[in-house]
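Student: take a look and give me a structure for this.
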Amino acid sequence: MRLKLSLLGLLFFSIQQLYSYNITIKVNGAPNTKFLLGYYYGDKQYIKDSATTDAAGKMVFKGKEQLQGGIYLIASADKALLFDFIVTEQNFSLETDTLDYSGNMKVKGSDENALFFEYAKFTSKIGAEMAPHEKKYKTAKEKKDTSALREAREKIIDIENRLNDYRGNIIKNKSNMLLAKIFNMMRDVDVPEAPTLPNGAIDSLFGYRYFREHFFDNFDFGDDRIVYTPVFHSRIEYYITKLTPQIPDSINKAIDFLVQKTLKNKEISKWCIYWITNHYETSQYMGMDAVFVHMVDKYYSDSTKTYWVDDALRAKINDRADNLRNNLLGKIAPNLVMPDTGFVMRELHQIKAKYTMILFWDANCGRCKEEIPRLKELYDKLNKDKPVNNKMFEVYAISLTNLAEEWKKFVADNKLKWINVSDLYNNTKYRKLYDIYSTPVIYLLNEKKEIVAKRLSVEQVADFIEKGIE
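Tutor: I've put the predicted structure just below:
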């Protein structure tokens, strides 16, 4: 028997087919009100669409391309978060009210959201149970009442165990659902007992190493929905910035370990590579530019791993890395040979001193005029009673002043007795070698002419040298 559709039915069917997603949301108590549809991506939220409810509080979000799966949100017109929900299914409806958006939620056509809001109601109940025990715990701690403290803690642990059991059941029985994958990412690694070393001692670092090596065991890197959740970013950030020692070599190894796991999913690897690169390129901590250079060399130079980067941007990123790679901490400072005020050629690597500062400055720079007198005081203090050919601290001051007369006058007026040089025609390409785009800039080298610190203030130079004196 063949079903026949009326003309109106055929029209409705055709209209429905035009849209790849169609989400109806009714908010009782909010007629003619504008709402925003947003989504999570890494550590940020983005607005996807907006809609205004009708007189009954109903609104529809629809589009011709499917929504990326993940955690979405509904916010007020002034961007206040009202509630989250899950997008996996592309056609479903939600109904709630303004009294309790999540608690009063009704779901149709979405198993993911039915589970999500059931969990939300459970956590609300758990939270209400937990509150009085947390209050008792705080009071007992203030009064140092060990008996009450122990009793309150036992109650809190019991409630936490119920919550963990609830999540565990979802992980076990609903493993393909996004909520289960989120809970899996949140789980800590079960670390086995540490083995005994050949000398009979317990391997004290075993737990740390095991935890790091197995940190991602519960991540489904084949499911790109996980990057569209707030949990994914927080776990990645914890692994990279907290669990990993913040030393470039250690960071780079951790990055490669992570990225290798993500390469099976373009969306996840894209976010990880982008976030890590941006995080360390903009880091305020000295030496983290080595991580940026590593990211460029290993990932941005390979278009298959950074497919979203066009040729123009890739060229700019590579050029930025080239400006940094020669002046990374621990590298031998690129040698420079420039004429001093008497036109005698002075070579950086021939300087005999425990510490050598390379100072890039300009006689017309206001900040330079403030810093140089303080630097002169430090120079005189550290070199007091030191032989001329074996100073504690030497300065190789490179003038960026456009006019030689102004440079020489400033040197003479301020009685600057360190090595004063200039390269008016940029024969040495020092700007690129040392990434110079402003003044003043200070590099500090050790006796071997290795870069031990850079972009310091005079106060930081003094602190570093004085603490480094044996």
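Student: name the element residue 460 belongs to?
Tutor: helix 458-468 (DSSP states H and E).
Student: contacts for that helix?
Tutor: 355, 357, 371, 374-375, 378, 382, 392-393, 442, 444, 452-453, 456 (CB atoms under 8 Å, 6 or more residues apart in numbering). For every residue, glycine as well, the C-beta is placed using N, CA and C.
Student: out of the residues you listed, which comes closest to residue 29?
Tutor: Nearest to residue 29 among these is residue 456, at 59.4 Å by CB to CB.
Student: helix or strand: which one has the closest one?
Tutor: Using DSSP H and E, residue 456 falls outside every helix and strand.
Student: related to what we said a few turns ago, mind putting the contacts of helix 458-468 into CSV with neighbour count?
Tutor: Formatted as CSV, the contacts of helix 458-468 follow (neighbours: other CB atoms under 10 Å):
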residue, neighbour count
355, 22
357, 24
371, 20
374, 14
375, 24
378, 18
382, 20
392, 16
393, 22
442, 20
444, 22
452, 18
453, 20
456, 18
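Student: from these, which ones fall inside helices?
Tutor: 371, 374, 375, 378, 382 (DSSP state H).
Student: next, find the distance separating the fourth one from residue 455.
Tutor: Relative to residue 455, residue 378 is positioned 17 Å away (CB to CB, to the nearest Å).
Student: and the helices in the protein?
Tutor: Going by DSSP H, the chain shows helices at 7-18, 111-143, 146-173, 178-186, 206-213, 230-237, 248-262, 266-281, 289-295, 311-325, 366-382, 404-413, 430-433, 458-468.
Student: pick the most deeply packed of those.
Tutor: helix 289-295 (a mean of 23; mean count of other CB atoms under 10 Å).
Student: what lies in contact with that one?
Tutor: Residues contacting helix 289-295 (CB under 8 Å, 6+ apart): 248, 251-252, 255, 273, 276-277, 280-281, 283, 320-321, 324-325, 328-329.
Student: again with stretch 303-320
Tutor: Identification of contacts with stretch 303-320 by CB under 8 Å, 6+ apart yields 259, 263, 266, 269-270, 273, 281, 292, 296, 298-301.
Student: could you report the neighbour count for residue 94?
Tutor: Using other CB atoms under 10 Å, residue 94 has 21 neighbouring residues.
Student: bridged to it, which residues?
Tutor: Using DSSP bridges, the bridge partners assigned to residue 94 are residue 25, residue 107.
Student: can you pull the contacts of it?
Tutor: For residue 94, the contact set (CB under 8 Å, 6+ apart) comprises 23, 24, 25, 26, 85, 105, 106, 107, 108, 110, 113.
Student: try residue 45
Tutor: 38, 39, 73 are the contacts of residue 45 under CB under 8 Å, 6+ apart.
Student: again, only this time at 7 Å
Tutor: The contact partners of residue 45, by CB atoms under 7 Å, 6 or more residues apart in numbering, come to 38, 73.
Student: could you list the domains of this structure?
Tutor: Split into domains by automatic domain parsing, the chain comes to 16-109, 117-186, 206-325, 337-468.
Student: now flag whichever of the contacts of residue 94 is closest to residue 287.
Tutor: Taking CB to CB as the measure, residue 287 lies nearest residue 85 of these, at 42.8 Å.
Student: what is the neighbour count of that closest one?
Tutor: Residue 85, neighbours per other CB under 10 Å, totals 24.
Student: what's the mean pLDDT across stretch 400-417?
Tutor: Taken as a whole, stretch 400-417 has a mean pLDDT of 94.
Student: can I assume residue 95 is in contact with residue 26?
Tutor: Yes: under the contact definition of CB atoms under 7 Å, residue 95 touches residue 26, with a separation of 4.4 Å.
Student: what sits in contact with each of those two?
Tutor: Going by CB under 7 Å, 6+ apart, no residue sits against residue 95 while also sitting against residue 26.
Student: lowest-pLDDT helix or strand in this structure?
Tutor: Every helix and strand in the chain was compared by mean pLDDT, DSSP states H and E; the lowest is helix 7-18, with a mean of 46.
Student: tell me how far residue 265 lies from residue 364.
Tutor: Distance from residue 265 to residue 364, by CB to CB: 53 Å.
Student: actually residue 102, not the one I typed
Tutor: Separation of residue 102 from residue 364 (CB to CB): 61 Å.
Student: cool, residue 309 as well?
Tutor: Taken as CB to CB, the span from residue 309 to residue 364 is 39 Å.
Student: spatially central residue for this structure, please.
Tutor: residue 279 (4.2 Å; CA atoms, centre = their mean).
Student: hmm, back to that, hey, C-alpha coordinates of the helix holding residue 460 in PDB?
Tutor: This file holds the C-alpha atoms of helix 458-468, laid out as PDB (Å, rounded to 0.1, in the frame of the first residue of the first chain):
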ATOM      1  CA  VAL A 458      68.400  46.700  34.100                       C
ATOM      2  CA  GLU A 459      67.000  45.600  37.500                       C
ATOM      3  CA  GLN A 460      66.600  42.100  36.200                       C
ATOM      4  CA  VAL A 461      70.200  42.100  34.900                       C
ATOM      5  CA  ALA A 462      71.500  43.200  38.300                       C
ATOM      6  CA  ASP A 463      69.500  40.500  40.100                       C
ATOM      7  CA  PHE A 464      70.500  37.800  37.700                       C
ATOM      8  CA  ILE A 465      74.200  38.600  37.800                       C
ATOM      9  CA  GLU A 466      74.500  39.200  41.500                       C
ATOM     10  CA  LYS A 467      72.700  35.900  42.300                       C
ATOM     11  CA  GLY A 468      74.900  34.200  39.800                       C
END
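Student: distance from it to the middle of the chain?
Tutor: Taking CA atoms, centre = their mean, to the nearest Å, one finds the center of helix 458-468 at 30 Å from the center of the full chain.
Student: cool, stretch 347-364 as well?
Tutor: That offset, for stretch 347-364, works out to 35 Å (CA atoms, centre = their mean).
Student: try stretch 159-179
Tutor: The answer for stretch 159-179 is 29 Å, by CA atoms, centre = their mean.
Student: any idea of the mean pLDDT for that stretch?
Tutor: 96.
Student: in terms of neighbours, single out the busier of residue 309 and residue 364.
Tutor: Under the criterion of other CB under 10 Å, the comparison of residue 309 against residue 364 puts residue 309 first, with 18 against 15.
Student: any idea how far that one is from residue 394?
Tutor: From residue 309 to residue 394 the distance is 43 Å (CB to CB).
Student: surely residue 360 touches residue 440?
Tutor: Yes: between residue 360 and residue 440 there is a contact at 6.3 Å, judged by CB under 7 Å.
Student: pull up the overlap in contacts between these two.
Tutor: Going by CB under 7 Å, 6+ apart, no residue sits against residue 360 while also sitting against residue 440.
Student: hmm, back to that, where does the residue nearest to the centre of the chain land on pLDDT?
Tutor: Confidence score, pLDDT, at residue 279: 95.
Student: output the below-cut-off pLDDT ranges for this structure.
Tutor: Scanning the chain for pLDDT under 70 picks out 1-19, 387-389, 468-470.
Student: 80 - rerun?
Tutor: Along the chain, segments meeting pLDDT under 80 span 1-19, 385-391, 466-470.
Student: any chance of CSV for the contacts of stretch 303-320, columns distance to residue 407?
Tutor: Shown next, in CSV, are the contacts of stretch 303-320 (distance: CB to CB, whole Å):
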residue, distance to residue 407
259, 48
263, 53
266, 53
269, 50
270, 48
273, 44
281, 33
292, 33
296, 35
298, 42
299, 43
300, 39
301, 40
